[in-house]
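>>> Provided below for reference: sequence and predicted model.
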Amino acid sequence: MKTQNIRLLGTVALAASLACASAAAAFPEKQITLIVPTAAGGANDAMARVVGQAMSAILKQPVIVDNKAGANGAIASEYVMRAAPDGYTLMLGYIATHAMNPALQKLRYDPVKDFEPVGMLGSSATVMVVNPSVKAASAKELVAMLKAAPDKTSYASAGNGTAPHFAAEMFKLSTGTSMLHVPYKGSAPAITDTIAGQTQVMFPSLFTAVPYVKAGKLKALGVAGAKRSALMPDVPTLQEQGIPDVDVSQWYGIFAPAKTPAPVIAQLNKVLNEVLADKSVIKRLEDHGAEVSTMTPEQMRAYVAQEQVKWKKVVQAAKISAD
């Protein structure tokens, strides 16, 4: 009886393995949807469209970008978490959805357990920008202005638990200044209101900020990173201006729901890395200030876990809250 049971279990396991291999071999047979956790027009959206279009050409199936903004990325994250684990619903996750926001507050999804990482896309430094009407010509001058008139200036963020939120709070802590926080549903509406003067300061990614800085719609005061950007070599880092401990690099990756078959993940990773080796794709991303880098799914999983630990420590040290 035991022998029959063992044989039966072996047969079932073999059948499941063959079915999985067969499904992976046929993948993809239809359209793939790439969920973006922020509003259209921001860095995440632009990056998803560049990469999705290039992946579509290789996979011979449409890769459609679907924006599901709200709840600081939680709406999109929960949607993908609950999607069928078949590779047809993917997510452009980033530092906010998979590290910062989970470090800041209790969520209904686990960035490690509820997702299968496909791979890394790259990263982009954060830059402090202000509306051109702001008199300060440097970060040091802005600090002096903020100290002279506390809480008279507001800063925009892409939402609580996002990189612009963390960077601004770290800046306030480092400089002993005070600004009012105005959270938005994504970087696109946040930067739109900063350009319009509804808010005065923002810490977007270089990917988001560069076109507006070059067009004169925003003024860059400092890079919140370890080095200056080649796209804006005249803009010093905050560290150079005597403002330490504000180093926020935003990273972006692609994720699938947990339990997506390993062969499907491997195929998607291979296609993603092929896209990120394309010189035209690299140029389009670098022109916006993003630095392309790749990882295996295993490396990406370890990186996300490491980032969670890092930002939990930052939340505690900087006393950042979701309010």
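Ah, there it is.
>>> which stretches of the stretch 201-323 of the chain aren't confidently modelled?
Applying pLDDT under 70 to the stretch 201-323 of the chain flags residues 323.
>>> where do the helices sit along it?
206-214, 262-275, 279-286, 297-318 (DSSP state H, counting those that start in this stretch).
>>> nearest to Ile95, of the ones you listed?
Closest to Ile95 of these is helix 297-318 (C-beta to C-beta; 6.9 Å). C-beta: built from backbone N, CA, C; applies to glycine.
>>> which of the residues in that closest one are buried?
Under the neighbour-count criterion of 16 or more other C-beta atoms under 10 Å, helix 297-318 has 297, 300-301, 303-304, 307-308, 311, 314-315 buried.
>>> Now that we have these, can you turn them into a markdown table and tack on distance to Gly197?
Compiled in a markdown table, the buried residues of helix 297-318 are given as follows (distance: C-beta to C-beta, whole Å):
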| residue | distance to Gly197 |
| --- | --- |
| Pro297 | 44 |
| Met300 | 39 |
| Arg301 | 43 |
| Tyr303 | 38 |
| Val304 | 37 |
| Glu307 | 34 |
| Gln308 | 36 |
| Trp311 | 31 |
| Val314 | 30 |
| Val315 | 31 |
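>>> wait, which of those residues is closest to Leu142?
Proximity of those to Leu142 was ranked by C-beta to C-beta; the top entry is Val314 with 22.0 Å.
>>> Now render the helices of the stretch 201-323 of the chain as TSV, adding distance to Thr237.
Listed next are the helices of the stretch 201-323 of the chain as TSV, based on distance: least, C-beta to C-beta, whole Å:
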stretch	distance to Thr237
helix 206-214	12
helix 262-275	30
helix 279-286	19
helix 297-318	18
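>>> Ok, which of those helices comes nearest Thr175?
When those are compared by C-beta to C-beta, helix 297-318 sits nearest Thr175, at 12.4 Å.
>>> Packing partners of that closest one?
Packing contacts for helix 297-318, counted by 3 or more C-beta pairs under 8 Å, 6 or more residues apart in numbering; DSSP states H and E, involve helix 101-104, strand 115-130, helix 163-175, strand 249-257, helix 262-275.
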